[in-house]
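Visitor: Fold the following and give me the result.
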Amino acid sequence: MPRRALALAGRNRRTADFTNRQIATLFIGLAVITSIPIVLYPWPPLADYINHLARMHVIATVDGDPDLARFYEVNWQIIPNLMMDLVVPVLEQVMSVYLAGQVYTIASFVLILSGTLALNRQLYGHWSVLPMIAFPLLYNNIFLIGTMNYVFGIGIALWALAAWIWLRERGLLVRLGVSALFVLGLFFCHLFAVGLYGLGVLAFELLRLWEQYARPQSLQRRDLDGEGTLPPLVDLVVSGRRFLPVLPLLMMSPTWGLRGTFLWELNGKLDGLIYVIEVYSHFAAVAITAIVAFAVGWGLRYRTLRFHALGWVLLIVGGIIYLAMPRVIFDTFMADQRLPISLAFMIIACAHLNLRHEYVRRGFATVLVLLLAIRVFEVQTVWSELSRSTLSFQDSIRHIDRGAKVLVAYADPDAGDDPKDLGLVHAACLAVIERSALVTTVFTVVGKQILHVRDDYRARVDTSDGTPPSVNRLLSVVDESGTGGELDAGYWRRWTSDYDYLYVLFTDADYENPDPARLTPIYAGERFMLYRINPQVADVAEPAE
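Guide: Okay, here's the model as predicted:
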């Protein structure tokens, strides 16, 4: 081995923070600590989570459940949003759907952090504990929304970028073949996950292109004379060929029919950045930010912290793309606001900390423990508080007959945006799992999910992922004075005859029965009410033509 390579290897050994075994042990320990809230709460208060879990249960059991089969059908299609649908129903064959969801969620966490470690390893040549500082970011506002397929895709994208860098100087066919497999897997995770990988590859290739053209002309000519070497710009174009199958796959998908939905907003761009660090508590977010800022400043001051050039390119390219991205595309909301948290893991992977000195190692360990303790304590405290509502809702489900039809409405039409309200938004979907019920808010949008409602009941559910009606709107439908203004009411217009039960969400402690003649209260819960719809009430008359 040349003397310079030996010196570099020796320097890497001296500056490596811990042994590989120590890093692996620490990773497992931190992953266990981070997963504590997931383990303790089989139904975490995430907005879309229980809705997704209901779909998983239908996919796994619809063939053996006549009530579910009466309402739902599974139509397997090429949809860029299928990873959870492919994994969790298989797990449910050997465990409960709740445990399967926990396994999937923890696997997503492990994929993201291990992918961050792997990317850092490819950039610096040795394993490091520094990327573990990203553990607290696993709980973030995007995760609270319950975008489970995209969260899983973040981890795959990080591993894909690490593999691309590892294979970059190897044979073109091997490199593109492995990358194409990652692209295919990412496509079925989420379309945005493919874009995330593409962003990372673009940043790396732009950096590589810059470094090649910045080299002396003599070295550039020598590289171009090498056997099998492509000119830099040609190589960049060829490297992008592995993304070409995405377009025909998308055009073959029913998702292509949603391409007309497009909305760009400047308002909310700052929120997307805040979502990276803030979960429930402003104080916790400020504390974590202050600790990280102090640690970064200290590391730069004493020259123990540095960033790979890829990190700066990611910031520039990612910032431009973030500003250009729409808020809604392919009928998917928060399209742009999902990007910052994904970029955060990539940028953390670009950091390097020199841990040769004992005081640096102690300082890093202190910062890591503080950050993780603050985040886990924050999440655990709030979830413990919200568990009262969860247990209450689980208890209410027992009062619903199997195979019933359940309508969901809001007492407060503006509720549901607070992070602490998210767990209640789709809570009624629990009736699908426990009572094989038809629930109006289950995700069954054509082009976005493979779960659909059968023709006989399709007109009774929300097929566009809209907001449930308010109680006032329900009452106006059956009120003679309001009928004329509600002729355009949606799937719930005939609610007095189409459904057996009504969940009213976001009620207060003194909430009164809004329509005693038509509704019989059967359960008063934490911020919700369950009513039985009285069958003797006549249906709403059809509007005159």
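Visitor: only C-alpha atoms for contact and neighbour calcs from this point on.
Guide: OK.
Visitor: in the stretch 401-545 of the chain, which spans are helices?
Guide: Along the stretch 401-545 of the chain, the stretches classed as helices by DSSP state H, counting those that start in this stretch are 422-425, 430-435, 471-478, 495-498.
Visitor: for the stretch 251-400 of the chain, that is, sorry about that
Guide: 269-274, 282-301, 309-324, 339-349, 358-397.
Visitor: In terms of pLDDT, where does the most centrally placed residue in the chain sit?
Guide: By Cα atoms, centre = their mean, the chain has its centre lying nearest to Thr147, at 3.0 Å. Looking at Thr147, its pLDDT stands at 93.
Visitor: Find the residue closest to it in space, skipping its chain neighbours.
Guide: Nearest non-adjacent residue to Thr147, counting by Cα to Cα, 6 or more residues apart in numbering: Asp48, 7.0 Å away.
Visitor: Could I get the contacting residues of the one you found?
Guide: Asp48 sits next to 145-147, 423, 425-426 when contact means Cα atoms under 8 Å, 6 or more residues apart in numbering.
Visitor: Number of residues surrounding Asn267?
Guide: Neighbours of Asn267 under the rule other Cα atoms under 10 Å: 9.
Visitor: mind checking how far it is from Pro326?
Guide: From Asn267 across to Pro326, the span is 11 Å (Cα to Cα, to the nearest Å).
Visitor: Sort out which residues of whichever strand or helix holds Ile112 are buried, please.
Guide: Per DSSP states H and E: Ile112 is located in helix 97-124. If you call a residue buried by 16 or more other Cα atoms under 10 Å, then helix 97-124 has these buried ones: 97-106, 108-123.
Visitor: now do stretch 358-365
Guide: For stretch 358-365, by 16+ other Cα under 10 Å, it's 360-361, 364.
Visitor: Mind putting those residues into JSON lines with distance to Gln22 and pLDDT?
Guide: Listed next are the buried residues of stretch 358-365 as JSON lines, based on distance: Cα to Cα, whole Å; pLDDT from 0 to 100:
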{"residue": "Val360", "distance to Gln22": "17", "pLDDT": "76"}
{"residue": "Arg361", "distance to Gln22": "13", "pLDDT": "78"}
{"residue": "Phe364", "distance to Gln22": "15", "pLDDT": "83"}
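Visitor: Tell me the one of those residues nearest Thr61?
Guide: Thr61 lies nearest to Phe364 out of the buried residues of stretch 358-365, by Cα to Cα, at 48.3 Å.
Visitor: gap between that closest one and Arg402?
Guide: In terms of Cα to Cα, Phe364 sits 55 Å off from Arg402.
Visitor: what's the distance between stretch 251-263 and the middle of its chain?
Guide: 20 Å (Cα atoms, centre = their mean, to the nearest Å).
Visitor: Show me which helix or strand of this protein is least confident by mean pLDDT.
Guide: Lowest on mean pLDDT, DSSP states H and E among the helices and strands of the chain sits helix 3-15, with a mean of 43.
Visitor: who's in contact with the helix or strand just after that one?
Guide: Once helix 3-15 ends, the next helix or strand along the chain (criterion: DSSP H and E) is helix 20-34. The contact list for helix 20-34, computed with Cα under 8 Å, 6+ apart, reads 109-110, 127-129, 132, 135-136, 372, 376.
Visitor: Which two among those residues are spaced furthest apart?
Guide: Greatest spatial distance among the contacts of helix 20-34 (Cα to Cα): Trp127 and Val376, at 25.2 Å.
Visitor: mind putting the contacts of helix 20-34 in CSV, distance to Phe443 and pLDDT included?
Guide: Output for the contacts of helix 20-34, formatted as CSV (distance: Cα to Cα, whole Å; pLDDT from 0 to 100):
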residue, distance to Phe443, pLDDT
Phe109, 24, 98
Val110, 27, 98
Trp127, 42, 91
Ser128, 41, 90
Val129, 40, 90
Met132, 35, 94
Phe135, 30, 96
Pro136, 30, 95
Leu372, 34, 92
Val376, 30, 95
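Visitor: out of those residues, which one sits closest to Asp395?
Guide: Of the contacts of helix 20-34, the one sitting nearest to Asp395 (Cα to Cα) turns out to be Val376, at 27.4 Å.
Visitor: Next one: the closest residue to the closest one other than its chain neighbours from Gly185, what distance?
Guide: Nearest non-adjacent residue to Val376, counting by Cα to Cα, 6+ apart: Thr34, 6.4 Å away. To Gly185, Thr34 is 26 Å away according to Cα to Cα.
Visitor: who has more neighbours, these two?
Guide: Legend: neighbour count by other Cα under 10 Å for Thr34 and Gly185, higher for Thr34 (24 against 20).
Visitor: just to revisit the earlier point, would you mind finding the most buried of the helices of the stretch 251-400 of the chain?
Guide: Mean neighbour count, computed with mean count of other Cα atoms under 10 Å, is highest for helix 339-349 among the helices of the stretch 251-400 of the chain, reaching a mean of 24.
Visitor: Compute the inter-axis angle for that one and helix 97-124.
Guide: 50 degrees (axes from the mean of the first three to the mean of the last three Cα atoms, to 10 degrees).
Visitor: picking up where we left off before, roughly how far is the helix holding Ile112 from the heart of the chain?
Guide: Counting by Cα atoms, centre = their mean, helix 97-124 comes out at 13 Å from the chain centroid.
Visitor: Next: stretch 133-142.
Guide: That offset, for stretch 133-142, works out to 11 Å (Cα atoms, centre = their mean).
Visitor: buried stuff in that stretch?
Guide: Burial within stretch 133-142, assessed by neighbour count using 16+ other Cα under 10 Å, is assigned to 133-142.
Visitor: Using the three-state scheme, assign the closest residue to Gly177 other than its chain neighbours.
Guide: Excluding the flanking residues, the one nearest Gly177 by Cα to Cα, 6+ apart is Arg242, at 7.9 Å. Applying DSSP: H, G, I helix; E, B strand; the rest coil to Arg242 yields a three-state assignment of helix.
Visitor: thinking again about what came up before, and the helices of the stretch 251-400 of the chain: which comes nearest Gly525?
Guide: Closest among these, using Cα to Cα: helix 358-397, at 5.6 Å.
Visitor: okay, the angle between the closest one and helix 20-34?
Guide: Going by the same axes, to 10 degrees, helix 358-397 makes 30 degrees with helix 20-34.
Visitor: I'd like to know which elements helix 358-397 is packed against.
Guide: Contact here means 3 or more Cα pairs under 8 Å, 6 or more residues apart in numbering; DSSP states H and E; on that basis helix 358-397 packs against helix 20-34, helix 36-40, helix 282-301, helix 422-425, helix 430-435, strand 519-525.
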